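1. sequence and predicted structure, then a few things I'm wondering about:
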Amino acid sequence: MTITISSSSGDPIYLQIVEQIKSQILDGTLAAGEPLPSMRNLATDLRISFMTTKRAYEELEREGFIESFTGKGSFVKAQNMQLFREEQLRRMEQSLADVCEAARKAGVSIQELHEMLDYINGGDFE
């Protein structure tokens, strides 16, 4: 598992950890049942506070991405396909919102955006 903390990011460190672990789970880099580093080890490796990693793991557990067992550690939770789909939809919506904002600023019409999307996708939406 690779986590990179950016001091120039506007996001809090715990959120950077959460997003990177979620991405690795969703893209299959981290498989169901795979153990995560202990909170202390991750904090030491990243040179951050233990409380920051604890907050990140608690958030991941609350969102259903990991499960923790006292004395055993934290593990990637088997993904519920609905949860997976919802997370993917949320990411797509954010990306599309960013694209729409850029299009508005550049004076690109919705028709031009549709044409770009069709072109990029090979004109093949089902």
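-> Sure thing, it's come through.

2. helices and strands around the longest helix anywhere in the chain, which ones?
-> Identified as the longest helix of the chain according to DSSP state H is helix 81-106. Secondary-structure packing of helix 81-106 (3 or more CB pairs under 8 Å, 6 or more residues apart in numbering; DSSP states H and E): helix 13-26, helix 110-120. In short, each C-beta sits where N, CA and C put it, glycine included.

3. deepest of these, which one?
-> Among the helices and strands packed on helix 81-106, helix 13-26 has the highest mean neighbour count (mean count of other CB atoms under 10 Å), at a mean of 19.

4. lowest-pLDDT helix or strand in this protein?
-> Using mean pLDDT, DSSP states H and E, helix 81-106 stands out as the lowest-scoring helix or strand of the chain, at a mean of 87.

5. rewinding a little: adding mean pLDDT, write the helices and strands packed on helix 81-106 out as TSV.
-> Shown next, in TSV, are the helices and strands packed on helix 81-106 (pLDDT from 0 to 100):
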stretch	mean pLDDT
helix 13-26	93
helix 110-120	89
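
6. tabulate those (TSV), appending distance to residue 77.
-> Converted to TSV, the helices and strands packed on helix 81-106 look like this (distance: least, CB to CB, whole Å):
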stretch	distance to residue 77
helix 13-26	8
helix 110-120	33
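
7. what's the domain layout of the chain?
-> Domains of the chain are assigned by automatic domain parsing as 13-76, 81-120.

8. out of those, which is the most enclosed?
-> With neighbours taken as mean count of other CB under 10 Å, these reach their highest mean count in domain 13-76, at a mean of 16.

9. that one spans what distance, first to last residue?
-> One end of domain 13-76 sits 20 Å from the other (CA to CA, to the nearest Å).

10. hmm, back to that, how far does the longest helix of the chain sit from its chain's centre?
-> In terms of CA atoms, centre = their mean, to the nearest Å, the centre of helix 81-106 is set 13 Å apart from its chain centre.

11. brilliant, that's me finished.
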